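Colleague: Attaching a predicted model along with its sequence, questions to come.
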Amino acid sequence: MTITDLPLFHRALTTDSSEQVDAVLRALGRDWLTAAALGRLTGYSDRTLRSIANESDGAIISGQRGYKSTRHATLDEINHASNWLVSQAKKMERRAIAIQRRRHGN
């Protein structure tokens with residue numbers, strides 16, 4: 001079992017995720033949209049938008065500017081989004097290890 005198998009990490013999608021991905025991609029068009037703006041267009045919450053981007057198989061990137069279709073992103077935008085995710089994953093891994101160390105009294 002990995003940490004992502006815990007119920008906390010189960011996706012928050014309420015209908016078929018491919019339909020939701022398609023809806024978000026249609027709303028995005030070619031530009032960046034903030035989570036708030038994208039939520040107003042789609043009716044999805046911030047949490048659901050994160051789940052949809054996660055389930056998009058790389059079709060949707062996110063960053064400081066919000067969400068964007070990978071198809072319409074520049075190479076720099078794609079690299080930045082990817083690098084940010086890798087950095088966050090490393091931080092989460094370090095935190096998980098520190099928590100386990102605390103658990104074992106180290």
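Modeller: All right, it came through fine.

Colleague: So which bits of the helix or strand hosting S51 are buried?
Modeller: Secondary structure assignment for S51, by DSSP states H and E: helix 46-55. The neighbour-count check on helix 46-55 (16 or more other C-beta atoms under 10 Å) flags T48, L49, R50, S51, I52, A53 as buried. (Each C-beta comes from the backbone N, C-alpha and C, glycine too.)

Colleague: Of these, which is the nearest to G39?
Modeller: L49 (6.4 Å; C-beta to C-beta).

Colleague: Now do the contacts for that closest one.
Modeller: Neighbouring residues of L49 by C-beta atoms under 8 Å, 6 or more residues apart in numbering: V24, A35, L38, G39, T42, Y67.

Colleague: what's the answer for S56, then?
Modeller: Applying C-beta under 8 Å, 6+ apart to S56 gives the contacts V21, V24, L25.

Colleague: quick one, what contacts E77?
Modeller: I61, G63, K68.

Colleague: Can you report how many residues lie near the second one?
Modeller: This points to G63. 14 (other C-beta atoms under 10 Å).
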